[in-house]
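Undergrad: no FASTA, just this:
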């Protein structure tokens, strides 16, 4: 029973009259009692720093199975594992940054070579030599001057082979650059979003991002490929905003419903319990019944509240 019930009079008749009066007034003291109970809970729970033996949340980057195992560990072991995992994450981040710096330098070098090859290939294709080759009647030359045809065709083939080699080298460098960019973006994603490493969590996040884009009007065919980590971070923030907004709306709806419930007075509809037995006992007690009638009603209400 709540401590607030110590103010109830001692005698049975006085108690019955007191409780019936509170019921007729809509049990206005209920909120105060709940408030006092909340204050006690808050004071007992405390608002200070987390104790040393408190349980910790598992690292976000771990898969769900490992997270479940972590939660089963005692607090002291959780603290050790969490500390080692934090140190490992810092070391991985440092090494990743060093590798990324070297990769950026190599990427810049590859891109420079691609630009140079593009320029050389363009100049060769637009050169007067290539124009002459296109204008030459090779069949006529082979009939009228076989020796000149053999010499010119050999030189032309060598030139075309060099041009093809330049194109292959340019394409290979461009493909290598694309792979390096994709790998770098994946590493940046894992650094900024640790749960991205877990295929299950990554799939769930991608689904949520697709839903956000769908709400913005994108069709499934229009969804862009998520290769740039900056775009993924923007969409991740959009997903978080949507979740926070839905949570806020849900909380407000619950508060509104709870407020409406508190303002209702118990009446014939059975708001306090809905049972026809309690309703009948209440009417009998209010109609000037005996002490037993009042006691029976009080006990039925208390049992319903429990």
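TA: Perfect, I can see it now. Because the structure is predicted, anything quoted here is derived from the model rather than measured.
Undergrad: Stretch 63-74: how far from the chain's middle?
TA: Computed by Cα atoms, centre = their mean, to the nearest Å, the chain-centroid distance of stretch 63-74 equals 20 Å.
Undergrad: pLDDT on that stretch, on average?
TA: For stretch 63-74, mean pLDDT rounds to 86.
Undergrad: for stretch 295-303, same thing?
TA: 74.
Undergrad: Also stretch 250-261?
TA: The average of the pLDDT scores along stretch 250-261 is 77.
Undergrad: One more: stretch 179-191?
TA: 83.
Undergrad: Give me the buried positions along stretch 143-151.
TA: Of all the residues in stretch 143-151, those buried under the rule 16 or more other Cβ atoms under 10 Å are residue 149. For glycine as for every other residue, the C-beta is placed from the backbone atoms N, C-alpha and C.
Undergrad: cool, stretch 158-167 as well?
TA: Buried residues in stretch 158-167, defined by neighbour count with 16+ other Cβ under 10 Å: residue 166.
Undergrad: Repeat that for stretch 228-244.
TA: By 16+ other Cβ under 10 Å, the buried positions in stretch 228-244 come out as 229, 232, 235, 236, 238, 239.
Undergrad: Name the nearest residue to the fourth one, sequence neighbours excluded.
TA: Think residue 236. residue 193 (6.3 Å; Cβ to Cβ, 6 or more residues apart in numbering).
Undergrad: what sits against the one you found?
TA: Going by Cβ atoms under 8 Å, 6 or more residues apart in numbering, residue 193 touches 205, 232, 233, 236.
Undergrad: Which pair of the residues you listed spans the longest distance?
TA: Greatest spatial distance among the contacts of residue 193 (Cβ to Cβ): 205 and 233, at 11.3 Å.
Undergrad: re the thing from before, which member of the contacts of residue 193 is positioned nearest residue 65?
TA: Set against residue 65, the nearest of the contacts of residue 193 by Cβ to Cβ is residue 205 (18.3 Å).
Undergrad: Touching, that closest one and residue 239? I think so.
TA: Yes - between residue 205 and residue 239 a contact is recorded at 7.0 Å, counting by Cβ atoms under 8 Å.
Undergrad: Go through the buried residues of stretch 228-244 and say which is closest to residue 74.
TA: Residue 74 has its nearest neighbour among those in residue 236, at 33.5 Å by Cβ to Cβ.
Undergrad: Tell me the pLDDT of that closest one.
TA: pLDDT at residue 236 comes out at 86.
Undergrad: Check whether it really touches residue 206, as I assumed.
TA: No - using Cβ under 8 Å, residue 236 is not in contact with residue 206, being 10.3 Å away.
Undergrad: most residues in a single helix of this protein, which one?
TA: Criterion DSSP state H: the longest helix present in the chain is helix 75-125.
Undergrad: quick check: angle from the next helix or strand after that helix to helix 75-125?
TA: Using DSSP states H and E, the helix or strand that follows helix 75-125 in sequence is helix 128-135. Counting by axes from the mean of the first three to the mean of the last three Cα atoms, to 10 degrees, helix 128-135 lies at 70 degrees to helix 75-125.
Undergrad: Buried residues, helix 128-135. List them.
TA: For helix 128-135, the neighbour count (16+ other Cβ under 10 Å) marks 130, 133 as buried.
Undergrad: what packs against it?
TA: Counting contacts by 3 or more Cβ pairs under 8 Å, 6 or more residues apart in numbering; DSSP states H and E, helix 128-135 is packed against helix 146-192.
Undergrad: Which secondary structure elements does the helix it packs on sit against?
TA: Contacts defined by 3+ Cβ pairs under 8 Å, 6+ apart place helix 146-192 against helix 75-125, helix 128-135, helix 138-144, helix 229-263.
Undergrad: could you say what helices and strands the longest one packs with?
TA: Using 3+ Cβ pairs under 8 Å, 6+ apart as the contact criterion, the neighbours of helix 75-125 among helices and strands are helix 146-192.
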